[in-house]
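*Asks:* here is my input, please return the structure:
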Amino acid sequence: MSPKLPSLLPLAIVAVFGLLQFLALALLWGHLGQLSPVSRWLMDNLTGTAWFYPLLWLHDLLINVLLCLPLVLLIRRISDRHSVPLLVAAVVPAFVYFNWPLLGSGIAVTFWHLAGWVSTLVMVPLAFLLMARFRQR
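*Replies:* Down below sits the predicted model:
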């Protein structure tokens, strides 16, 4: 017998908090990019090199994973058994909301668009795995 899926209320709650989380990240990155000493160091020392964009992407992903920990804590408090549907509910609506203008616009999608989408789709699951790892210790 397959495990019972969570009711719609927890999915809706997580979806709303996922949208709020992604909105907060978008607003916060307006300041973080200017205030982070790592971002400043990358811009001062690696701009124009082949290392700049990959390291900036990795830095941003790591910061986003840490900033997603409160959302993951909410998901874990709602249900530990139904984590996959709740993770999907937290990520997919926000991803579609923030990217739908680009998805159907006919704009040429570059490698860095795809890298940004991957980052957006994996930061909450990576934060979930990080929290699960530390809870085992």
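*Asks:* what are the contacting residues of stretch 123-137?
*Replies:* The contact list for stretch 123-137 (C-beta atoms under 8 Å, 6 or more residues apart in numbering) reads 18, 21, 61, 64-66, 68-69, 71-73, 75-76, 83, 87, 90-91. C-beta: built from backbone N, CA, C; applies to glycine.
*Asks:* now Leu8: how far from Trp100?
*Replies:* From Leu8 across to Trp100, the span is 22 Å (C-beta to C-beta, to the nearest Å).
*Asks:* got the buried residues for the longest helix seen in the chain?
*Replies:* Determined from DSSP state H, the single longest helix within the chain is helix 8-35. If you call a residue buried by 16 or more other C-beta atoms under 10 Å, then helix 8-35 has these buried ones: 10-11, 13-15, 17-19, 21-22, 25, 29.
*Asks:* in strands, which of the contacts of stretch 123-137 fall?
*Replies:* Per DSSP state E, strands hold no members of those.
*Asks:* derive a PyMOL selection command for the buried subset of those residues.
*Replies:* Applying 16+ other C-beta under 10 Å to these leaves a buried subset, and the PyMOL line that selects it is:
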select buried, resi 18+21+61+64+65+68+71+72+75+83+87+90+91
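*Asks:* what pLDDT does Leu42 get?
*Replies:* pLDDT for Leu42: 91.
*Asks:* alright, I will stop here.
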